[in-house]
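Engineer: Model the structure of this input:
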Amino acid sequence: MVRILDSTLREGEQTPGVCFDLHIKMAIAELLAEVGVDVIEAGHPAVTEEIRQAVRLIAGRGLRPLVGAHARSMERDVELALECGVQFLGIFYCVSEERLSDRATDLGEASARIAAVVRLAKARRPGLVVRYTPEDAVRSPFANVVTAAAAACAAGADVISIADTTGYMIPGTARNLFDYVTRLKAELARRGFAPQIAVHCHNDRGLALANALDAMRAGAEIVDASVLGLGERAGIVDLGTLLAVLASDFGQAGRWNLKRLPELYRLVSQYARVPVPVNLPVTGRNAFTHCAGVHTQAAIRNPLHYQSLDPALVGRESEIALDHMAGMAALRFSLARIGCADLPDELAREVLRRVKEVGSSGRTVDLQELGYIVDAAREREARAVALERIAS
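Structural biologist: Below you'll find the predicted structure:
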């Protein structure tokens with residue numbers, strides 16, 4: 001069964017301009033634990049003293065998820081991470097020919113270095129879960145990746161992570177993660193190793209989630225994700241979407257407390273200063289909102305006519321938008337919600353006309369404003385009746 005590693009506090013802080021205060025990191029970690037992710041990647045302790053302090057405090061909270069840290073294949077990075085008391089350590093080193101050349105090293109030296117830091121981490125903390133990531137794995141020579149991964153496994157690595165660092169992979173083409181995971185597992189097995197396989201998919205082509213699911217079908221056991229898909233450039237797999245799909249479509253309902261997602265997304269959005277896109281699946285404002293007349297009529301009778309996910313999964317409800325596309329069915333539904341179900345047809349037509357006028361300006365009418373429109377319409381009607389009486 002797939003496990004979820006959340007990297008909001010590590011990869012997420014690589015989003016330009018995003019840096020969470022310590023108390024916000026603690027709150028995010030608590031909510032991630034309530035949602036039920038398996039690993040919280042809390043940061044890269046070697047980057048700043050503030051990150052180091054946050055990793056240390058989160059690791060000491062006694063949360064149910066493993067708390068992890070990120071480290072280069074350097075003894076100093078490993079030592080700093082272990083000092084923080086983490087239970088999970090991710091070590092990375094790129095073995096592409098270009099990067100090896102840049103570092104004036106070769107594959108043999110790189111593999112020896114990777115193995116050395118893995119052995120160091122395991123010797124210092126035998127129960128530690130160690131992951132090795134060949135950064136930019138999918139664009140590196142496959143033989144290099146296998147050699148480095150095998151060296152890491154021989155030294156005690158528990159997890160090998162396939163990093164699609166640039167969002168290069170495309171399902172259904174020659175460069176797909178299903179085949180890559182299958183090949184890597186087979187090559188490592190041939191050498192006598194059976195590590196867990198993780199995938200870290202970037203979203204440069206908008207395919208991070210599709211690639212992660214492709215990898216899962218081939219037997220990947222861990223998927224990296226973040227709230228809002230935060231991360232370098234276009235980010236990585238969006239946590240909320242991933243969990244909803246796994247719960248709804250992969251037989252994993254009940255594994256996570258998805259009703260905590262809206263609060264988690266509000267918190268991260270507020271302090272990352274990154275709005276939740278209105279059309280973001282699952283957690284976006286419009287994810288379960290129906291607008292067009294034909295849609296709303298059908299959705300009012302049965303939301304599943306135009307929904308394939310149940311909003312109750314994440315503690316939400318289907319909604320009807322009132323704007324320039326609203327019809328009488330949508331209006332009547334909304335009037336009932338504000339206690340005006342018995343509004344006469346003539347007044348309802350007047351209210352709908354005004355709703356459409358507001359919608360044509362680029363706004364939607366919420367239930368509070370709908371009440372104001374109804375009150376104004378009733379007042380105009382009462383004034384007209386009074387004038388008729390005076391005239392008669």
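Engineer: and residue 224, how far is that from residue 349?
Structural biologist: 53 Å (Cβ to Cβ, to the nearest Å). Using the backbone N, CA and C atoms, a C-beta is placed for each residue, glycine as well.
Engineer: Looking at those two, which one has more neighbours?
Structural biologist: Neighbours per residue (other Cβ atoms under 10 Å) separate residue 224 from residue 349, with residue 224 holding more: 28 against 14.
Engineer: In this structure, what residue spans correspond to strands?
Structural biologist: 3-6, 39-41, 66-72, 88-92, 129-133, 159-164, 196-201, 222-225, 289-290, 319-320 (DSSP state E).
Engineer: would you list the ones you listed in JSON lines and tack on mean pLDDT?
Structural biologist: Putting these into JSON lines (pLDDT from 0 to 100) gives the following:
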{"stretch": "strand 3-6", "mean pLDDT": "98"}
{"stretch": "strand 39-41", "mean pLDDT": "98"}
{"stretch": "strand 66-72", "mean pLDDT": "97"}
{"stretch": "strand 88-92", "mean pLDDT": "98"}
{"stretch": "strand 129-133", "mean pLDDT": "98"}
{"stretch": "strand 159-164", "mean pLDDT": "98"}
{"stretch": "strand 196-201", "mean pLDDT": "98"}
{"stretch": "strand 222-225", "mean pLDDT": "98"}
{"stretch": "strand 289-290", "mean pLDDT": "74"}
{"stretch": "strand 319-320", "mean pLDDT": "75"}
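Engineer: right, and these - which one's nearest residue 307?
Structural biologist: strand 289-290 (8.3 Å; Cβ to Cβ).
Engineer: Ranking the strands of the chain by mean neighbour count, which comes first?
Structural biologist: strand 39-41 (a mean of 28; mean count of other Cβ atoms under 10 Å).
Engineer: got the contact list for residue 381?
Structural biologist: By Cβ atoms under 8 Å, 6 or more residues apart in numbering, the residues touching residue 381 are 347, 350.
Engineer: The same query, at a cut-off of 10 Å, please.
Structural biologist: 344, 346, 347, 350 (Cβ atoms under 10 Å, 6 or more residues apart in numbering).
Engineer: looking at those, which has the most residues close by?
Structural biologist: Top of those by neighbour count (other Cβ under 10 Å): residue 350, with 19 neighbours.
Engineer: Give me the local confidence score for that residue.
Structural biologist: We have a pLDDT of 92 for residue 350.
Engineer: Run a quick neighbour tally on the closest residue to it other than its chain neighbours.
Structural biologist: Among residues not flanking residue 350 along the chain, residue 377 sits closest, at 4.9 Å (Cβ to Cβ, 6 or more residues apart in numbering). Neighbours of residue 377 under the rule other Cβ under 10 Å: 19.
Engineer: From residue 357, how far off is residue 377?
Structural biologist: 12 Å.
Engineer: And for residue 135?
Structural biologist: 55 Å.
Engineer: And for residue 80?
Structural biologist: Distance from residue 80 to residue 357, by Cβ to Cβ: 62 Å.
Engineer: With that, I have no additional questions.
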